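Asks: Sequence first, predicted model second:
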2 protein chains.
Amino acid sequence: MIQRYVYGNMIETDTIPVKPEAGNEPLPGFTVDEKEHSFTYPLGKEDRIYGLGENVRGINKRGWIYQSWASDNPDHLEDAVSLYAAHNFLVVDGEERFGLFLDYGGKVTYDIGYTEMNRLTIRVNDFNLDVYRISGDSVLSIVQQFREMIGRSYIPPRWAFGFGQSRWGYVCEADVRQVVRKHRELGLPLDSVYLDIDYMDSYKDFTVNPERFPDLAGLASEMAGQGVHLVPIIDAAIKKEEGYPVSDEGIRKGYFCTDKDGKPFEGAVWPGISLFPDVLNPEARKWFGRLYKVLLDMGIEGFWNDMNEPSIFYTEASLEEIRTRLMDTVGATPDVNTFFELTGIIREVFQKDEIYDSIYHHVNGKRIRHTDVHNLYGYNMTRAAAEAFETLAKDRRILLFSRSSCIGMHRFGGTWMGDNKSWWSHLALNFRMLPSLNMCGFLYTGADLGGFGSDVTEDLLMRWLELGIFTPLMRNHSALGTREQEVYRFSDLDGFRHVLRMRYVLLPYLYSEYMKAALDNKMLFCPLAFDYPEDRRAQETEDQLMLGDSLMIAPVMQQNARGRMVYLPESMKLFRFLKDGKAIETVLGPGDHYVECELSDVIFFLRPDHLIPVSSGGNCVAEVDFDHVHFLTYPVGNEACYEYYTDDGISRQAAGTRILYRMDEDGEVKALPQ
Amino acid sequence: MIQRYVYGNMIETDTIPVKPEAGNEPLPGFTVDEKEHSFTYPLGKEDRIYGLGENVRGINKRGWIYQSWASDNPDHLEDAVSLYAAHNFLVVDGEERFGLFLDYGGKVTYDIGYTEMNRLTIRVNDFNLDVYRISGDSVLSIVQQFREMIGRSYIPPRWAFGFGQSRWGYVCEADVRQVVRKHRELGLPLDSVYLDIDYMDSYKDFTVNPERFPDLAGLASEMAGQGVHLVPIIDAAIKKEEGYPVSDEGIRKGYFCTDKDGKPFEGAVWPGISLFPDVLNPEARKWFGRLYKVLLDMGIEGFWNDMNEPSIFYTEASLEEIRTRLMDTVGATPDVNTFFELTGIIREVFQKDEIYDSIYHHVNGKRIRHTDVHNLYGYNMTRAAAEAFETLAKDRRILLFSRSSCIGMHRFGGTWMGDNKSWWSHLALNFRMLPSLNMCGFLYTGADLGGFGSDVTEDLLMRWLELGIFTPLMRNHSALGTREQEVYRFSDLDGFRHVLRMRYVLLPYLYSEYMKAALDNKMLFCPLAFDYPEDRRAQETEDQLMLGDSLMIAPVMQQNARGRMVYLPESMKLFRFLKDGKAIETVLGPGDHYVECELSDVIFFLRPDHLIPVSSGGNCVAEVDFDHVHFLTYPVGNEACYEYYTDDGISRQAAGTRILYRMDEDGEVKALPQ
């Protein structure tokens, strides 16, 4: 059951397509303080708190302060409070069990047992919001009700489930061709190559550098011939430049955010001084979305929207402030305080929160301060594209995912986990984000495999790919200046080939489960605590996840380990696929097991009386035969069935077929007549 | 067996008191490239590499690049390459088994399977060093031989095994008194309070702020009456100030490091522009050490040496460089590159490595560039104090530990693990440093419990203390501006009291094991891999350690966990001490076990036929009865004995007694006649 509570007058977010009527009762269990803008709830000793989507720390979020405040924070450290997204949905599970969603575009702080271990305090910036309380018999039922309310999750084209190779540093056509050639020559499956900011002309959105990418349409077509899709980046900010049509037209039509004087707000990002499309304004949103057409017309079928928190490095005013204050120090005795002041001035200017106070949106005749709707920006940029694609690409799905997001955007695109680092701890962190994101409607997601910042090692990349083969978005991406991390840069090519190929073997199951999760509002990645709610051990398991109906994954996330401990809440069958082609199946009873997993092994677990449809692989998704699957099985005596979803992988309607497969007494799996 | 290999002419480090003769054979197994200054060794697939003392990542160091280069690096991240220390000892264990020590004061890089997974490359800055190769039947034998060669580890007074409370932020006598009063009132054991830089007058070493600490001698005496020792900080740099005797005398006598022109080198640290005692110069070292007398005379019996990498924030020249370059940007169009240049300039100046190139030491008539001996600085600062104490405190031990260190310093003082953060990952990191530090001779060590930087949570502090009760240095320390983290700031006082008291209960065992480790050149904290070398699971266990002869520890290091998995290489008895006074003993067989450990529980494991001498506790070390101990036991049929070391806890000679206790058939433990 969902109950809506109204506080003040919220600024519309369009997150909830059809809102339930609001009641007049007080929010049960909470102390609401209108002066402090806070909601306080006493936590039971063993209450667990799930949700908040993309953020730091555990699956159980208890024991820290978090914020919903979209930030271009490249340091995903334990003491961060927010990353790129703002996902205001959480579930309290324990003495009571309920979900809570804050429909709100401003800053929210969640003190989850930080100040006092047994207290949850939620504080909002201004007291104008709707709160939804969702009760249910189980966490899964609460999540499903919430997901039904917020609407169906984004569905990408099926090719977007293939492996993608990316790097900030592919600066010309030859770089792209080399990546593709290497993969094809070495038998490494590949479905897409991503283009980071260097493909543009001076970082101008919707332009292509004429020297380095003289014929992008030709390149896209050439790559398509090899089964590879090009996926360019689109940044939020538009370079301010006379003669650049996007800049000129946006200024002329008033489609950019303004400053306090009503002039287009200017902030510096990659292109230098830039303007920010007012994507909260329906007219501007429509205009911005249609700009993608120029790339669609070149044969591009996918995009990633970036820097859309929006990230602002600095403004002209803040730079002037630095200069002035630095000039003051000239001739002064340089004591330590002066020095730290100098460094502080610079640090404070970069990504300064206060800048957002001086930016304004114009929505249906109303002027809205950016700070009050900050978290809606990336959402609406992505919505702009998605809404345009409904017209520009009527019949087919376009790949679209975004760095910044808030709930609502899940209907329009996926999200990746931002600029992580090549750290083992980030492999584990990104793993734990998966179910939290699913709870908030984000199914199409994944991390930069191998890590974006910092230098990867061969073993870290291998282990990360062993997780990545299970995530809908499977992309190896790294930053300029870091170690090159295409898999062919390393020694164990057989190992990498084996791991990548396993992705394509598993695709029938992964795609089928993804589609059912989207169409039926279910979790794709599920904490053990949700599926085995009475199991105390399952409640604190943070390094294993259920994946769809049949699978459990437990990747190795520790360097130099040759295996790991795995907790089984029930009997399961372990599959261990070795790079030499061998597959070892072992039935394990409930409890704790040490499971061997050498560096290039792929392991997963199959639940009893469940089935997994698999293919015999392919070099790209188009080569995978989704119609003639075979099955991994673990029969223990009851009926083993699998509902297999399949479709053409591209039509918007996603009106596929669901075939029920059943295993008969001889161990054969057959489709039941429909 | 130890073999010495000489390359070029090393600058003497005084690390090895008596050097073995050098041979003429090549270093076995290594390719030595004199041009590249490198030593390369092919790693077997399963070779494990241990050592390198204080550094990031695992107990097994394989899979990263590390450096020996003492750095004031406050971010102990996974991709750091060095922290505050330079510990050039490692052991390769696998197809071959040997130890390697580089006697060298300059920068060393260890590429341990980073560039290529199966290659170890060690590179030195200039090719003037001695290399020692140590072979043996076991890692433990290799370590013991190495430790015998480098000389006996530092032994602190016994009171330094008590709990210490510290914070950068106790700025006056009242702050100190409050800490002590709170602990005594609440029955929280306490042996020391640390004084950070605020006790000094304008950050001048060997001065005391006359307003805020008007009578330090009186305060020390008053605290001593309550069983509490004051432990002030000493920073490496000396404020340059006319009229400040240390500055004046050091300049007059030529006891400071110089710049290229032979003038005292000036760099800014906390006091502003400062001078750096030339502690490599025997005369200056003697002078500097005797400066501690002023504090000893006030009744101070312990010191921590800090900022002695040495940390240099900036120089006058580098600040001028910033100004000049910033002035150049005035009036320029502020594009993104300009901005990043601005921020880059500042970042580069802070702790700039190149500064070290312009600093010189004067040793026995020779001028030595600091860069070539950089890693010896903290060592020699601490040696200065320790050598002076031999005269100034002839009969008694003085507590002394240092932030920067290299091997050699282990004879003169302990080391703490530097400016960590209140992160769960740092709890685990500091745990893993323990055996690596022990290998390098550093026995008196511990982390800032609860974490120095960032904000602690109550549960993290509790869990960290549950590890801290086992580490020789047990200090809660935090930084200015972070959440106050004295245990009495939190809710579960009974829990904290219980955990702290357990330290004092365990002290007879902990002190006895420490002393035997120091006197017999043994490990105190030992990876399971060393004690159970044939056990493959033990080889990859990085979250459990053997502690002395009888104990295994396995602290909970994950937030929101109510227990953890523990691997037992042999049968052991689990002790679980609850805060309500209950003690639960459970015998567990070899293999994997889930062990319950609620937030304030103290758990550890006792090996079969081993004993642990314990006391009934005390509010400070002086109250602990070391002469009448009782025993925790786990007899399984063979003779259970324990060699108990005890002494007066203060005499330099450490000429204590060793009593052999044996458990008889009735389960009674008795001392054998000596």
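Replies: That came through, no problem.

Asks: rest of the way, CA atoms for contacts and neighbours
Replies: Noted.

Asks: which one is residue A:648 nearest to, not counting chain neighbours?
Replies: Excluding the flanking residues, the one nearest residue A:648 by Cα to Cα, 6 or more residues apart in numbering or on different chains is residue A:656, at 7.3 Å.

Asks: ok, the one you found - how many residues close by?
Replies: By the criterion of other Cα atoms under 10 Å in any protein chain shown, residue A:656 has 15 neighbours.

Asks: what do you get for the one 3 residues further on?
Replies: Burial measure for residue A:659: 16 neighbouring residues, criterion other Cα under 10 Å.

Asks: Equivalent analysis for residue A:482, please.
Replies: By other Cα under 10 Å, neighbour count at residue A:482 equals 17.

Asks: these two touch, right, it and residue A:453?
Replies: Yes. Contact criterion Cα atoms under 8 Å: residue A:482 and residue A:453 qualify, at 6.6 Å.

Asks: For chain A, name the helix or strand with the lowest mean pLDDT.
Replies: helix A:336-349 (a mean of 74; mean pLDDT, DSSP states H and E).

Asks: Buried by neighbour count: which residues of it qualify?
Replies: For helix A:336-349, a neighbour-count test (16 or more other Cα atoms under 10 Å in any protein chain shown) marks A:336, A:339, A:342, A:343, A:345, A:346, A:349 as buried.

Asks: The fifth one: what's its closest spatial neighbour, skipping adjacent residues?
Replies: Once flanking residues are discounted, residue A:345 sits nearest to residue A:322: 6.4 Å by Cα to Cα, 6+ apart.

Asks: Now the phi/psi pair for that neighbour, please.
Replies: When read as degrees, to the nearest 10, the backbone of residue A:322 gives phi -60, psi -50.

Asks: Could you list the contact residues of the stretch 201-350 of chain A toward chain B?
Replies: By Cα under 8 Å from any Cα of the partner chain, the residues of the stretch 201-350 of chain A that approach chain B are A:268-273, A:313, A:316, A:319, A:323, A:326-327, A:330, A:334-336, A:342-343, A:346-347.

Asks: Give me the subset of those that lies in helices.
Replies: Using DSSP state H, the members of those that fall in helices are A:316, A:319, A:323, A:326, A:327, A:336, A:342, A:343, A:346, A:347.

Asks: any idea which of these is closest to residue B:660?
Replies: Residue B:660 has its nearest neighbour among those in residue A:336, at 57.1 Å by Cα to Cα.

Asks: these two touch, right, the closest one and residue B:274?
Replies: No. Using Cα under 8 Å, residue A:336 makes no contact with residue B:274, being 10.6 Å away.

Asks: Now the longest helix belonging to chain A: average pLDDT?
Replies: Counting residues, the longest helix found in chain A (DSSP H) is helix A:493-520. Helix A:493-520 shows a mean pLDDT of 98 in the predicted model.

Asks: Who is whichever residue of the stretch 151-300 of chain A sits closest to chain B paired with across the strands?
Replies: Residue of the stretch 151-300 of chain A nearest chain B, by Cα to the nearest Cα: residue A:272 (4.8 Å). Assessed by DSSP bridges, residue A:272 has beta-bridge partners residue A:269.

Asks: pLDDT score for residue A:94?
Replies: pLDDT for residue A:94: 95.

Asks: Report the spatially nearest residue to residue A:594, omitting neighbours in sequence.
Replies: Counting by Cα to Cα, 6+ apart, the residue nearest residue A:594 is residue A:565, at 4.3 Å.

Asks: how big is the angle separating the helix or strand hosting the one you found from strand B:563-568?
Replies: Using DSSP states H and E, residue A:565 sits within strand A:563-568. Interaxial angle of strand A:563-568 relative to strand B:563-568 (axes from the mean of the first three to the mean of the last three Cα atoms, to 10 degrees): 130 degrees.

Asks: thinking in terms of the whole chain, how far from its middle is strand A:563-568?
Replies: For strand A:563-568, the separation from the chain centroid amounts to 27 Å (computed by Cα atoms, centre = their mean, to the nearest Å).

Asks: With stretch A:11-24 instead?
Replies: Using Cα atoms, centre = their mean, the offset of stretch A:11-24 from its chain centre is 25 Å.

Asks: pLDDT on that stretch, on average?
Replies: Averaged over stretch A:11-24, pLDDT sits at 95.

Asks: Flag every buried residue along it.
Replies: A:11, A:13, A:15, A:16.

Asks: OK, now which residue of the stretch 101-250 of chain A is nearest to chain B?
Replies: Ranking the residues of the stretch 101-250 of chain A by distance to chain B (Cα to the nearest Cα) places residue A:114 first, at 6.0 Å.

Asks: Kindly list the main-chain dihedrals of that residue?
Replies: Residue torsions, per degrees, to the nearest 10, at residue A:114 are phi -90, psi -60.

Asks: give the contact list for the residue nearest to residue A:91 when sequence neighbours are not counted.
Replies: Spatial nearest neighbour of residue A:91, excluding adjacent residues (Cα to Cα, 6+ apart): residue A:99 at 4.1 Å. Counting by Cα atoms under 8 Å, 6 or more residues apart in numbering or on different chains, residue A:99 makes contact with A:89, A:90, A:91, A:92, A:132, A:133, A:134, A:135, A:142, A:143.

Asks: Would you agree residue A:99 falls within a strand?
Replies: Yes. Per DSSP: H, G, I helix; E, B strand; the rest coil, residue A:99 lies within a strand segment.

Asks: I'd like the distance from stretch A:151-171 to the chain centre, please.
Replies: With Cα atoms, centre = their mean, you get 11 Å for stretch A:151-171.

Asks: Save the buried residues of stretch A:11-24 as TSV, and put in distance to residue B:529 and secondary structure too.
Replies: Output for these, formatted as TSV (distance: Cα to Cα, whole Å; DSSP: H, G, I helix; E, B strand; the rest coil):
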residue	distance to residue B:529	secondary structure
A:11	60	coil
A:13	57	coil
A:15	54	coil
A:16	56	coil
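
Asks: on that earlier part again, need the overlap of contacts for residue A:336 and residue B:274.
Replies: Overlap of the contact sets of residue A:336 and residue B:274 (by Cα under 8 Å, 6+ apart) consists of residue B:268.

Asks: hang on, the earlier thing: by contact count, what packs against the strand holding residue A:565?
Replies: Using 3 or more Cα pairs under 8 Å, 6 or more residues apart in numbering or on different chains; DSSP states H and E as the contact test, the elements touching strand A:563-568 are strand A:591-596.

Asks: Next, residue A:584: secondary structure please.
Replies: Residue A:584 ends up strand, using three-state DSSP.
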